[in-house]
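S.K.: How does the following fold in three dimensions:
(one chain, ligands or ions: 1)
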Amino acid sequence: MSAIITAYLRTYQRRHRRDTLETTLTTGIRSCKDSRKSTMASYSKERLRGTKKTYSGKGMVKVGRLLSISPVRYWPSFRAFLAAVEMGGGARGDNNLYQTFGSKVPDTFLHEAESELRVLGIGSGSGEADSIILKKLLQRHKRVYNRVVEPSGEMIERFKTLVREDTGLRGVTFDWRHQTDEEYFRKKINTQFHLLHAVHVLYCVEDLHATLRNMWEQLEDTGYMFIILEADKGNVWKMREKFWERFGQGDRLKSSLRTTGDVKQWLDTMGISYVTSEYEINIDVTECFKENSEAGRQLLDFLTQTPYITNDPEMQTMVLENIRCNASVVGEKILLKQIGEAVIAFKKGAEKN
Ligand SMILES: C[S@@+](CC[C@H](N)C(=O)[O-])C[C@H]1O[C@@H](n2cnc3c(N)ncnc32)[C@H](O)[C@@H]1O
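M.R.: Next up is the predicted model:
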């Protein structure tokens, strides 16, 4: 493994002549910790002096805004991320990440099993997470009405194919809305839902607080709002936080770098009750250290939510250094831990459940 990193560094150095990178990536864990300390110390000093350096590189406006700046780059990067998830069968397949999401959904509602249960999915993508959630609900409820709000036509088509091919979804009536959540909520909607979910979507919406408020208003009194996002802990988040601190501009909540901490803060402010449940995954970041690996470049873009960060040597150096300091080497792989969290918010009526 160290051979991959060393080979990478040699080429990188030849190109960019950055002695500092070699110092931080090739020395052992001890010096990695030392360099982390000194980096953190210099951040604190800057903060104390109130002179936090503002990055003025050409990439700055793109930082943390992968989907809005470059949808073309977003999708392959998202796929590279899913392929790098280490969990049973990866992100898809048996014992996978989506099964974990499904296991966290409440399955009992104060609602008669005979009558239709109404579900609203925001940003359902190609439907893998939704279909697991729906099947869980079908175990107790005979009929489910599922409204899907998804702005990507390609994703909706894939979801429709999944529905056609999966006989386990026969009890579900689908209502497809080819829209962003902003477009969807702009019109007055009278339907109330028993379950509203947004699985790894709230990074993408324009205004996090407006989306949460709109979702909450469409929730039945006995219903649940189910949100999954990255938690504000774990090594991926540590890297993202440092990256934003160094290169981000303006309000972080306007970027995609959001966490369940931001969601819980809003719920607390609104006096809304919720419970939470965490899960852990490892991301195989080995490709990120290989010269000329397109999968590695896509994964770095997804991890930073920033398009083409390898075109910016300063950003790339910072991110790789941070990953190197926080990742573990397992056999031939370099693994970085990410912690996700489900937040289940409920109205007063659901407390009796
Ligand atoms: C990371 S994917 C998650 C997809 C799916 N929920 C899953 O877990 O596999 C984010 C999804 O949000 C959708 N999306 C992006 N912007 C959105 C918006 N403003 N409103 C609703 N959905 C959005 C994307 O098209 C994409 O399908």
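S.K.: What residues of the host helix or strand of residue 73 count as buried?
M.R.: Using DSSP states H and E, residue 73 falls within helix 71-84. For helix 71-84, a neighbour-count test (16 or more other CB atoms under 10 Å) marks 73, 74, 76, 77, 78, 80, 81, 82, 84 as buried. (C-beta placed from N, C-alpha, C; glycine too.)
S.K.: same thing with stretch 140-160?
M.R.: 141, 144-152, 155-156, 158-159.
S.K.: Could I get the average pLDDT for it?
M.R.: Stretch 140-160 carries an average pLDDT of 95.
S.K.: From the rest of the structure, what touches that stretch?
M.R.: 107-109, 111, 113-127, 130, 134, 137-138, 171-181, 183-184, 191, 193 (CB atoms under 8 Å, 6 or more residues apart in numbering).
S.K.: if we can go back for a sec, could you list which of the buried residues of stretch 140-160 belong to helices?
M.R.: Secondary structure defined by DSSP state H assigns 155, 156, 158, 159 of these to helices.
S.K.: so which of those also contact the ligand?
M.R.: residue 155 (CB under 6 Å from any ligand atom).
S.K.: Can you say which two of the ones in helices among the buried residues of stretch 140-160 are spatially most distant?
M.R.: 156 and 158 (7.4 Å; CB to CB).
S.K.: thought residue 248 was touching residue 64?
M.R.: Yes. Using CB atoms under 8 Å, residue 248 is in contact with residue 64, at 5.9 Å.
S.K.: Could you check which of the two has the larger neighbour count?
M.R.: Set residue 248 next to residue 64 and count neighbours by other CB atoms under 10 Å: residue 64 wins out with 23 against 20.
S.K.: Please identify the pairing partners of the longest strand seen in the chain and their relative orientation?
M.R.: The residue-count maximum for a strand in the chain (DSSP state E) belongs to strand 219-234. Applying DSSP bridges, strand 219-234 is found paired with strand 193-199 (parallel), strand 333-346 (antiparallel).
S.K.: Buried residues, the first one. List them.
M.R.: Meaning strand 193-199. 193, 194, 195, 196, 197, 198, 199.
S.K.: Report the contact partners of the last one.
M.R.: Taking CB under 8 Å, 6+ apart as the criterion, residue 199 is in contact with 101, 121, 123, 124, 129, 130, 226, 227, 228.
S.K.: can you do 6 Å?
M.R.: Neighbouring residues of residue 199 by CB atoms under 6 Å, 6 or more residues apart in numbering: 101, 129, 228.
S.K.: now do residue 323
M.R.: 285, 336.
S.K.: Near the ligand, which residues of the stretch 51-200 of the chain? Just list them.
M.R.: So far as CB under 6 Å from any ligand atom goes, the stretch 51-200 of the chain lies against the ligand at 67, 78, 122-125, 128-129, 149-152, 155, 180-182, 199-200.
S.K.: Okay, and which of those map to strands?
M.R.: Short answer: those in strands (DSSP E) are 122, 149, 199.
S.K.: where does residue 131 sit relative to residue 165, distance-wise?
M.R.: The gap separating residue 131 from residue 165 is 10 Å, by CB to CB, to the nearest Å.
S.K.: who's more crowded, these two?
M.R.: The neighbour count for residue 131 versus residue 165, taken as other CB under 10 Å, is higher for residue 131 (21 against 8).
S.K.: secondary structure class for that one?
M.R.: Residue 131 falls in the helix class when you classify it by DSSP: H, G, I helix; E, B strand; the rest coil.
S.K.: same deal with residue 174?
M.R.: Quick answer, by three-state DSSP: residue 174 is strand.
S.K.: if I look at the closest residue to it other than its chain neighbours, how far off is the ligand?
M.R.: Residue nearest to residue 174 in three dimensions, not counting chain neighbours: residue 146, with 5.4 Å by CB to CB, 6 or more residues apart in numbering. Note on residue 146: its distance to the ligand, by CB to the nearest ligand atom, to the nearest Å, is 13 Å.
S.K.: Residue 343 now?
M.R.: 15 Å.
S.K.: Run through the residues that contact that residue.
M.R.: So residue 343 contacts 227, 260, 263, 274, 276 (CB under 6 Å, 6+ apart).
S.K.: Most neighbours out of those, which is it?
M.R.: That'd be residue 227 among the contacts of residue 343, by other CB under 10 Å, with 26 neighbours.
S.K.: Please name the residues that touch that residue.
M.R.: Contacts of residue 227 (CB under 6 Å, 6+ apart): 198, 263, 343.
S.K.: Assess the claim that the first one and residue 122 are in contact.
M.R.: Yes. The pair residue 198 and residue 122 qualifies as a contact (CB atoms under 6 Å) at a distance of 4.3 Å.
S.K.: excluding its backbone neighbours, what's nearest the residue most central in space within the chain?
M.R.: Closest to where the C-alpha atoms of the chain average out (CA atoms, centre = their mean) is residue 200, at 4.8 Å. Leaving aside its sequence neighbours, residue 200 sits nearest to residue 228 (CB to CB, 6+ apart; 5.7 Å).
S.K.: Residue 105: how many residues sit nearby?
M.R.: Residues near residue 105, counting by other CB under 10 Å: 21.
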